[in-house]
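Engineer: Fold the following and give me the result.
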Amino acid sequence: MTVTCLDLEGVLVPEIWIAFSEATGIPELMRTTRDEPDYDKLMKFRINILKEHGLGLQQIQETISTIDPLPGAREFLDALRTKCQVIILSDTFTQFAGPLMKKLGYPTIFCNTLEVADDGTITGYKMRVEKSKYATVRALQSIGFDTIASGDSFNDLGMIEASKAGFLFRSTEAIREAHPELPAFESYDDLLAAILKEI
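Structural biologist: Numbering: from 1, shown residues only. Reported below is the predicted structural model:
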């Protein structure tokens, strides 16, 4: 049996932190896992920026409520889920994901958790497990599943390379050039066709 593991941001929905950067006018928050391979470094940077500007969870959630899935994402996901099990593996947080999952038809998502003070200040974060996407793919394989994976960022490469088949989707030129061995797609139709060939 095959499980397809998909990244969330940049693949199915717009990047949350970019949307928040645009909403707040804070350009430093444009930085994502496409730019920074070290997730811990990236999150500490983000949390410090939020503190500097007096921003917390509520303001980010207000921005998330305005975000819709990327055009065609829901249809792609619905079509894929008729052919195999799908799990979204994301380094986002449970406090961010809820409204987006509703708009995507409540697919299964494994993600992380923010540490939030009583006043809404984001004080830290807790990863589900170290190298969570890679670790989840390996765990699925250990209980008899084949995995197919797709994502767009540095933090997706582990799960893509560890899977039976893996694809870049709407990735950066730098990542594509660094990994010419990975098929790269720009349209949901092409990605769906590639995944279905491997099932």
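
Engineer: Please count neighbours and contacts with C-alpha atoms only from this point.
Structural biologist: Fine.

Engineer: all strands of this protein, in order?
Structural biologist: 2-6, 85-93, 108-116, 122-126, 146-151, 165-169, 184-185 (DSSP state E).

Engineer: possible to save these as TSV with distance to residue 51 and mean neighbour count?
Structural biologist: Output for the strands of the chain, formatted as TSV (distance: least, CA to CA, whole Å; neighbours: other CA atoms under 10 Å):
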stretch	distance to residue 51	mean neighbour count
strand 2-6	31	23
strand 85-93	18	21
strand 108-116	12	17
strand 122-126	8	15
strand 146-151	30	26
strand 165-169	33	24
strand 184-185	37	20
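
Engineer: Relative to residue 18, which of these is closest?
Structural biologist: strand 85-93 (13.0 Å; CA to CA).

Engineer: what's the distance between that closest one and the middle of its chain?
Structural biologist: Put simply, strand 85-93 sits 6 Å off its chain's centre (CA atoms, centre = their mean, to the nearest Å).

Engineer: And stretch 65-78, by the same measure?
Structural biologist: 13 Å.

Engineer: cool, stretch 127-137 as well?
Structural biologist: Counting by CA atoms, centre = their mean, stretch 127-137 comes out at 12 Å from the chain centroid.

Engineer: how far does that stretch stretch from start to finish?
Structural biologist: 16 Å (CA to CA, to the nearest Å).
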